[in-house]
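Chemist: Here's a sequence, model it:
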Amino acid sequence: MHINSNKVENFASPATKSAWHEEGTSTMTNATPMPPLEVHKVCLPPHRTTVQKFRHRLSEIFFPDDPLHKFKHQTPFRKFVLGLQFFFPVFQWGPNYSLKLLKSDVISGLTIASLAIPQGISYAKLANLPPIVGLYSSFVPPLIYSVLGSSRHLAVGPVSIASLVMGTMLSGTVSYNEEPILYLKLAFTATFFAGVLQASLGFLRLGFVIDFLSKATLVGFMAGAAVIVSLQQLKGLLGIVHFTGKMQLIPVLSSVFKHKDEWSWQTILMGLCFLALLLTTRQISMRKPKLFWISAAAPLTSVILSTILVTCLKSKLHGVQVIGKLPKGLNPPSVNMLYFSGTHLALAIKTGIITGILSLTEGIAVGRTFAALRNYQVDGNKEMVAIGLMNMAGSCSSCYVTTGSFSRSAVNYNAGAQTVVSNIILASTVLITLLFLMPLFHYTPNFILAAIIITAVIGLIDYNSAYKLFKVDKLDFLACLCSFLGVLFLSVPLGLAIAVGISVFKILLHVTRPNTVVLGNIPGTQIYQNLNRYKDAVRIPSFLILAVEAPIYFANSLYLQERVMRWIREEEEWLASNNKSDMKCVILDMTAVSAIDTSGIDTIVELKKMLEKQSVKFVLANPVGSVMEKLNHSNVLESFGFEGLYLTVGEAVADISSAWKAQP
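Modeler: Numbering: from 1, shown residues only. You can find the predicted model right below:
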C-alpha cells in the first residue's frame, strides 16, 4: 500500500486532531494527554488490469531474481554472448582462465579423485550395483557438470543417500542376485527419470517444490539412513556371506547374529583396524582443517594397503571376500537398457522421483554452502538443469544417480579449487583408472569398502542440529524424530514420507489455525503490541484491539470468526468481573493479513453484522493493498465508510475516542 503523507487526504474534523486515554485500568489511574494526531485516509493501490496483476504474480512466483535483467538495453550480439553465458557458465569463466588457476584445479582434482574412486566403488555396492558402475558414474557426470554447472566447488559423483534409497527401493521388488540385468535396467531408468524431474524443475523454475524437504526432515532422515547404512556394512566388516536385503533395524541386527557361524576373525580384525584408521584421520582433519588432505587421501591409501595385504596373504586369508574382476574400458552405452514399458515401470519412476529430489536437495545445498564461503552466487534453477541433464546423459552411459557430494566438495574447497575444471581433472583421473588400473582392484577386500562407507556416512548424524531443533521448535523436532525412527523401523521411503507429511501438516496447521493476539498501548507512544508479550502495554478502556497474524483464507476463516467472538466474550467477562466500562469498539489490526479471499471477506462482513447487533463498533486498521482492493471490489468498504477504516490502530483509537467525547 502506497501512502504519501504530504498528499494524503485529511478527512477528520478538528475534534479528532487531539485525543487522550480515558481513566481505565489500575495501570492508568491518571489520564495521559496524547499529542495531536492527524487521521489519514487509507488509500487503494494504483489501478492495474487483470493481465498486469497476473504477469506481476507470475514474475514474483517464478522469477524472483529477474534472471533476464542483464539482457536489457543490450545489442543483439551482446545478448547472444550473454545467452551463451547464461545457459553454459563455462563461457563466463573460460575466457579468463589462466595457468595459475589450472595449477590449483589440478591439485584439487587429483585430491578429490583419490577420495572419489574408492567411494564410487563403495556407493555402487550400497546401491546393489556392480562396483564398476560407481566408477562410470564418476566419469561422465563431472564432465557434463563442468560445462553446465555454476558452482566452482561442487564435486560431482555418487552419494550415499541416493545410493541407499535406490538400492532399498529396487531390491524390495527385484532381486539384484537373481535378476541382475533387470535390476540394472531399472537403476538406469530410475536415473533417467530422476534427471527428467530435476531438469524440468529447473526449466520451469519450480525449485520451491524441494523446499518441502525441510531441514528438520533431512536431519532426521540422514541420521536414520546413516545408522542403517552403517549397520548394513556389518556384512562386509564381519565377513558374512548370507545377509538380509532388508533395510530396517531389527531385520539387519537379527541377520547379524543369526549368521554368527559365518563371521571371519581375519575380516573382523583387519576391518576394524582400517575403520579405526579412517575414523582417526577424519577426526584429525575435522580438528585441524589445514590437514584436510589426510582424510582425503586415507580412503585410497587404505584401499591400496588392504589390497596389497590381501594379495600377499591370499593363501592364508580364505575367509576374506574381495571385489573380484572388474572390466576395463570406458562407459558402455546403456540407452538400449532404459526400461519404458512393463510391470516395473512405476517402480522405476517412483525410485527416480525420490532419489532425484533427495540428490537435488543435497547438491543445491552443498553448492550454496561453499558459494557463500567464497561470496559468489549459485543459480538454483541452473543447478537443477545441470544436475538433471548430467543424470539424463549418465543414464545413457551406464551411470546411476549422481549429484554434488558434501564430503568431496569440502575436500575440493579445502584443496583450493578455483573453477569446475577440478571436475574435469577428476573425470580424467577416473578415465585413466578405467582404462589401465582396473586389474589392480581384483583383490580389494569388501571390508575396506564397508569401512569407507561407514566413515563417510557417520558425518550425516548431526547431533547439534537435532538438539537445536528441540530447543527452538518442538514440532520441527517431532518431524526430525519421526523421520529418524521411520527410516530405522519402517523403511527409507516410508520414513521420508512420514517426515514430509509432518512438515506439510505443520504448514497446514499454521494456515488453518493462525495466531490472534490482543493488543495494548505502550504508554506515552502510539505503539500497540501484544499484551502478553509486553508487560507494560495497557488496555484501552472501551476498546478491544485484536491482531490477526496470517492471511485470511477459506481454510481459516471460520476458525478466525469463532476465535474473534471468543476474544470478545472473554473480554466482556473480564470487564464485568473487574467493574470496568463496557466494550464499545473492536479494532481488527490487519497489518499482518497479507491476503484475503472471498471466504475471508464474508467473515469480515459477518463479524461486523454480529457486533452491530450487540451495539459494538467494528473497524479495520491498516489493511494492505491487495486486501483493500478486494474489499473495495466486493463493496464491503461502503459498509465501513471512513469511520470504519484507519491507517493505524493509534489513529483509530484517537479518532473514535474524540468522536465519543464530542457527543453530548
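
Chemist: Could you pull out the strands in this protein for me?
Modeler: 156-157, 403-404, 516-521, 528-530, 543-548, 585-589, 617-621, 645-646 (DSSP state E).

Chemist: Out of those, which is the most enclosed?
Modeler: strand 156-157 (a mean of 32; mean count of other C-beta atoms under 10 Å). Where C-beta positions appear, they are placed from N, C-alpha and C, glycine not excepted.

Chemist: Outside of that one itself, list whatever touches it.
Modeler: Defining contact as C-beta atoms under 8 Å, 6 or more residues apart in numbering, one finds that strand 156-157 is touched by 116, 119-120, 137-138, 141-142, 145, 149, 390, 402-405, 408, 423, 426.

Chemist: Might you specify the subset of these located within helices?
Modeler: Counted as lying in helices by DSSP state H, out of the contacts of strand 156-157, are Ala116, Gln119, Gly120, Pro141, Pro142, Tyr145, Met390, Arg408, Asn423, Leu426.

Chemist: can I assume the fourth one is in contact with Ser395?
Modeler: No - proximity of Pro141 to Ser395 does not meet the contact threshold set by C-beta atoms under 8 Å, at 10.2 Å.

Chemist: And those two? Which one has more around it.
Modeler: The residue with more neighbours, out of Pro141 and Ser395, is Pro141; 30 against 27, by other C-beta atoms under 10 Å.

Chemist: Dump the strands of the chain into TSV; add mean pLDDT and distance to Val378 as well.
Modeler: Listed next are these as TSV, based on pLDDT from 0 to 100; distance: least, C-beta to C-beta, whole Å:
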stretch	mean pLDDT	distance to Val378
strand 156-157	93	14
strand 403-404	92	10
strand 516-521	90	39
strand 528-530	89	39
strand 543-548	92	37
strand 585-589	93	40
strand 617-621	92	42
strand 645-646	88	45
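
Chemist: Pipe those into a markdown table and attach distance to Leu99 per row.
Modeler: Below are the strands of the chain laid out as a markdown table (distance: least, C-beta to C-beta, whole Å):
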| stretch | distance to Leu99 |
| --- | --- |
| strand 156-157 | 24 |
| strand 403-404 | 27 |
| strand 516-521 | 63 |
| strand 528-530 | 62 |
| strand 543-548 | 62 |
| strand 585-589 | 64 |
| strand 617-621 | 66 |
| strand 645-646 | 68 |
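
Chemist: closest to Pro251 out of these?
Modeler: Relative to Pro251, the nearest member of these by C-beta to C-beta is strand 403-404, separated by 28.6 Å.

Chemist: OK, contacts around the closest residue to Phe193 other than its chain neighbours?
Modeler: Excluding its sequence neighbours, the residue lying closest to Phe193 (C-beta to C-beta, 6 or more residues apart in numbering) is Gly352, at 3.0 Å. Counting by C-beta under 8 Å, 6+ apart, Gly352 touches Thr189, Ala190, Thr191, Phe192, Phe193, Ala194, Val196, Leu197, Val401.

Chemist: The third one and Ser397 touch, don't they?
Modeler: No - counting by C-beta under 8 Å, Ser397 is not a contact partner of Thr191; they are 10.2 Å apart.

Chemist: Could you check which of the two is surrounded by more residues?
Modeler: Set Thr191 next to Ser397 and count neighbours by other C-beta under 10 Å: Thr191 wins out with 33 against 19.

Chemist: Could you measure from the more buried one over to Glu573?
Modeler: Distance of Thr191 to Glu573, given as C-beta to C-beta, to the nearest Å: 64 Å.

Chemist: one step back: can you say which of the strands of the chain is nearest to Thr168?
Modeler: Nearest of the strands of the chain (C-beta to C-beta): strand 403-404, 17.4 Å.

Chemist: so what does the closest one touch, helix or strand wise?
Modeler: helix 345-374 (3 or more C-beta pairs under 8 Å, 6 or more residues apart in numbering; DSSP states H and E).

Chemist: chain center to the helix it packs on, what's the gap?
Modeler: The chain centre lies 10 Å from the centre of helix 345-374; the measure is C-alpha atoms, centre = their mean, to the nearest Å.

Chemist: mean confidence score for it?
Modeler: Model confidence over helix 345-374, given as mean pLDDT, is 88.

Chemist: which parts of that helix are buried?
Modeler: 347-349, 351-352, 354-371 (16 or more other C-beta atoms under 10 Å).

Chemist: In the chain, what helix or strand scores lowest on average pLDDT?
Modeler: helix 50-62 (a mean of 73; mean pLDDT, DSSP states H and E).

Chemist: Number of residues surrounding Gly641?
Modeler: 9.

Chemist: Contact partners for it?
Modeler: The contact partners of Gly641, by C-beta under 8 Å, 6+ apart, come to none.

Chemist: try it again with 10 Å
Modeler: Val619 (C-beta atoms under 10 Å, 6 or more residues apart in numbering).

Chemist: What separation do you get for it and Leu170?
Modeler: Gly641 is 67 Å from Leu170, by C-beta to C-beta.

Chemist: Val303 too?
Modeler: 27 Å.

Chemist: before we move on, what about Asn464?
Modeler: The value you get for Asn464 to Leu170, if C-beta to C-beta is used, is 34 Å.

Chemist: Pick out whichever of the two has more residues nearby.
Modeler: Neighbours were counted for Asn464 and for Leu170 using other C-beta under 10 Å; Leu170 has more, 26 against 8.

Chemist: residues near the closest residue to the more buried one other than its chain neighbours, how many?
Modeler: Excluding its sequence neighbours, the residue lying closest to Leu170 (C-beta to C-beta, 6+ apart) is Leu186, at 5.4 Å. For Leu186, the neighbour count with other C-beta under 10 Å is 28.

Chemist: and what of Ala427?
Modeler: 23.

Chemist: OK, contacts around the closest residue to it other than its chain neighbours?
Modeler: Once flanking residues are discounted, Ala427 sits nearest to Pro142: 4.4 Å by C-beta to C-beta, 6+ apart. Contact analysis of Pro142 by C-beta under 10 Å, 6+ apart lists 109, 112-113, 116, 149, 154-157, 390, 402, 420, 422-428, 430.

Chemist: likewise Tyr123?
Modeler: Contacts of Tyr123 (C-beta under 10 Å, 6+ apart): 116, 129, 131, 133-134, 137-138, 157-164, 166-167, 229, 400, 402, 405, 449, 452-453, 456-457.

Chemist: just to revisit the earlier point, name the residues of the least confident helix or strand of the chain that are buried.
Modeler: Buried, per 16+ other C-beta under 10 Å, within helix 50-62: nothing.

Chemist: List the contacts of that helix.
Modeler: Outside helix 50-62, the residues that touch it by C-beta under 10 Å, 6+ apart are Pro46, Arg48, Thr49, Asp66, Leu204, Arg205, Leu206, Gly207, Phe208, Asn381, Ser626, Glu629.

Chemist: Please pick the buried ones from these.
Modeler: Using 16+ other C-beta under 10 Å, the buried ones in the contacts of helix 50-62 are Arg205, Gly207, Asn381, Ser626, Glu629.

Chemist: Low-confidence ranges, the chain, go.
Modeler: Per-residue confidence for the chain (pLDDT under 70) gives these ranges: 1-37, 61-67, 211-212, 245, 315, 317, 642, 664.

Chemist: Domain-wise, how is it divided?
Modeler: Annotated domains of the chain cover 7-49+513-662, 98-448+459-507 [automatic domain parsing].

Chemist: is it true that Leu238 touches His259?
Modeler: Yes - between Leu238 and His259 there is a contact at 8.3 Å, judged by C-beta atoms under 10 Å.
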